[in-house]
Each structure stands twice: as structure tokens, then as C-alpha cells.
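Peer 1: Curious how this folds, go ahead:
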Amino acid sequence: MNLRRSAKASRERGEIELPERSDPVAIVRPSGERVQARVAGRDGSGLLVALMFRAEVPFSPGSLDELVLEFTNDRGRIRLRGTVTLEDRELLRFRDLHSVELVQQREYVRIQSTRPVLVLTGGHEGTVQTYSVDLSGGGMLLAGPSTLKVGEQVEFRLTTVKGSPPITGVGTVVRTDLQGRRAICFDEIAEGEHRRLVRFIFDCQRAERRRGLEGGAGGQRPPSRAPLSQNKDRGHGR
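Peer 2: Next comes the predicted model:
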């Protein structure tokens with residue numbers, strides 16, 4: 001099966017869109033341990049993946065069957081499984097990949113939102129106060145700090161509403177950009193915390209739609225609010 005054509009064609013056929021070379025991925029063990037890695041090469045329907053950090057327990061030929069390859073794209077967070085071989089201590093080859101889970105993109109709607117974020121690192125910086133540039137149900141883009149490295153795992157405390165408890169969780173830095181911003185992919189976030197985040201994102205979208213409708217009506221409220229009610233119902237399905 002051809003796993004990589006155009007993005008649009010792949011979606012129409014339900015095919016898996018594999019990450020590109022140098023894209024960040026995670027190798028997930030049955031124990032839950034996540035090993036950060038990058039795509040070192042692509043070969044047809046397979047990927048060559050290089051570890052970025054040494055695993056707690058070295059990989060061995062007899063422990064590869066249950067490994068899951070995880071990455072994110074515009075569809076959401078995708079988890080793949082296939083035939084895995086160990087090329088050397090820090091290089092794995094995945095073949096015959098098939099999807100085992102897709103967290104749907106409805107939870108990954110991204111909004112621009114500047115909110116305070118407290119980042120707790122394991123390095124000398126300790127606790128750093130920063131702010132979000134945008135948010136989604138699967139991660140966030142932070143304004144900094146520039147000391148965070150790709151592959152580094154951090155704890156975070158995101159304040160969405162002043163006076164309310166922060167949303168807490170654990171995430172991994174998956175990329176940086178030329179402006180020094182850091183993209184965080186969520187690794188661990190409690191179900192209740194995640195519902196709060198998705199609700200906040202939905203409320204922001206609804207407020208933005210309302211502002212657009214009122215602006216288009218010359219500052220007057222629209223005569224009917226039924227469309228907003230329908231959107232609200234769909235939002236609860238995230």
C-alpha cells in the first residue's frame with residue numbers, strides 16, 4: 001500500500017500519512033515509557049528512526065514486538081505499529097506500519113490565545129514563567145524559554161481563566177521555530193483537566209464567532225442564535 005501521496009489524496013483514501021525525515025516522533029513501550037526520536041529516513045512504507053535520548057532500558061531484539069510509534073499531524077495524534085528491527089543501539093527500523101489509534105482532530109482545533117504558563121523543568125532553570133501563543137487539545141505553542149530543548153519533557157501549569165486552578169500536565173518539546181518559540185505535545189493530562197482545556201478552546205471559538213456575527217451586522221446582535229446552539233452541541237462531542 002502506498003502510504004504517502006498528497007495529503008488530500010491520502011485523507012480521501014484513508015491512508016496513513018507518515019512523518020517526514022527529521023520530524024520528531026516518540027517510541028512508546030508497553031510500560032508507558034516514551035523515548036523521543038527523529039525520523040532518520042524513509043523507505044516506501046517504512047521508517048528509520050533514530051533515538052534522541054538513551055532509553056532507560058536498552059532495546060533488544062526480543063522486546064520490539066509491542067513498540068508503538070507515535071507522532072502528530074493535522075489529523076491529531078497518530079499511533080502506529082508494525083514490524084520492528086534493531087539496526088543498532090540507537091536506530092530502529094519500522095516496516096509494514098498500520099494505525100492502532102487516532103485521537104481525532106476535533107480535539108486538536110488550534111486557537112490563538114495568550115495565557116500564562118508556568119513551566120517546570122528538570123534542569124537548572126527550575127520553574128520558568130512564560131505564556132502561550134496558541135492552544136489545542138493536544139499541545140500548545142509557548143513563547144519560550146529558549147533554554148528548552150527538543151525532546152525535553154516538562155511539567156506545565158496553564159492558567160486559562162483568572163482565579164481558577166491552572167490546568168496541569170506533562171508534555172514534551174517537539175519543535176522550535178525561528179522566533180525561539182517552543183511547541184509542546186501533551187504526554188500526560190488528566191481527563192478532567194483535558195475537558196476543561198477543550199471547553200476553554202470551544203468557548204474562545206464561540207466568542208470569536210459571536211464577534212464576527214455582530215461585526216457583520218453593524219454591531220447588532222443576529223436575530224437568531226440557533227447556529228451557535230448547534231455548534232455548542234457538537235463541541236461537547238470532543
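Peer 1: Pretty sure R195 sits in a helix.
Peer 2: Yes - according to DSSP: H, G, I helix; E, B strand; the rest coil, R195 belongs to a helix.
Peer 1: Next, work out how far apart it and Q112 are.
Peer 2: 21 Å (C-beta to C-beta, to the nearest Å). In this view, the C-beta of every residue, glycine as well, is placed from N, C-alpha and C.
Peer 1: Those two: which has the busier surroundings?
Peer 2: Applying other C-beta atoms under 10 Å to R195 and Q112 shows that R195 carries more neighbours, namely 15 against 11.
Peer 1: how far is the helix or strand harbouring G171 from where the chain is centred?
Peer 2: Per DSSP states H and E, G171 falls inside strand 167-176. Put simply, strand 167-176 sits 8 Å off its chain's centre (C-alpha atoms, centre = their mean, to the nearest Å).
Peer 1: Quickly run through the sheet partners of that strand, with directions.
Peer 2: Strand pairing for strand 167-176, determined by DSSP bridges: strand 153-158 (antiparallel), strand 182-188 (antiparallel).
Peer 1: Out of those strands, the one nearest P166 is which?
Peer 2: Closest of the strands paired with strand 167-176 to P166 is strand 153-158, at 3.9 Å (criterion: C-beta to C-beta).
Peer 1: Show me what the closest one is in contact with.
Peer 2: 34, 36, 115-122, 132, 135, 140, 148, 166-173, 184, 187, 197 (C-beta atoms under 8 Å, 6 or more residues apart in numbering).
Peer 1: For it, C-alpha coordinates in CSV please.
Peer 2: In CSV, the C-alpha atoms belonging to strand 153-158 read as follows (Å, rounded to 0.1, in the frame of the first residue of the first chain):
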residue,chain,number,x,y,z
GLN,A,153,9.9,16.6,29.0
VAL,A,154,8.4,19.3,31.2
GLU,A,155,5.6,19.8,33.6
PHE,A,156,3.2,22.7,32.9
ARG,A,157,0.6,24.8,34.7
LEU,A,158,-1.7,26.6,32.2
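Peer 1: how about it: buried residues?
Peer 2: Buried positions in strand 153-158, judged by neighbour count with 16 or more other C-beta atoms under 10 Å: Q153, V154, F156, R157, L158.
Peer 1: Repeat that for stretch 40-47.
Peer 2: Neighbour-count burial for stretch 40-47, counted by 16+ other C-beta under 10 Å, picks out A40, R42, S45, G46, L47.
Peer 1: Centre of the chain to it, how far?
Peer 2: With C-alpha atoms, centre = their mean, you get 22 Å for stretch 40-47.
Peer 1: returning to what we had before: if we go by neighbour counts, what in the strand holding G171 is buried?
Peer 2: By neighbour count with 16+ other C-beta under 10 Å, strand 167-176 contains the buried residues I167, G169, G171, T172, V173, V174, T176.
Peer 1: and if you look at stretch 119-129?
Peer 2: Buried positions in stretch 119-129, judged by neighbour count with 16+ other C-beta under 10 Å: V119, T121, V128.
Peer 1: Determine the three-state secondary structure at V198.
Peer 2: Three-state call for V198 (three-state DSSP): helix.
Peer 1: and if you look at V150?
Peer 2: With three-state DSSP as the basis, V150 sits in coil.
Peer 1: so who does it touch?
Peer 2: Neighbour list for V150: P24, Q36, M52, V173, V174, R175, T176 [criterion: C-beta under 8 Å, 6+ apart].
Peer 1: ditto for G46
Peer 2: Counting by C-beta under 8 Å, 6+ apart, G46 touches G82, R93, F94, R95, D96, L97.
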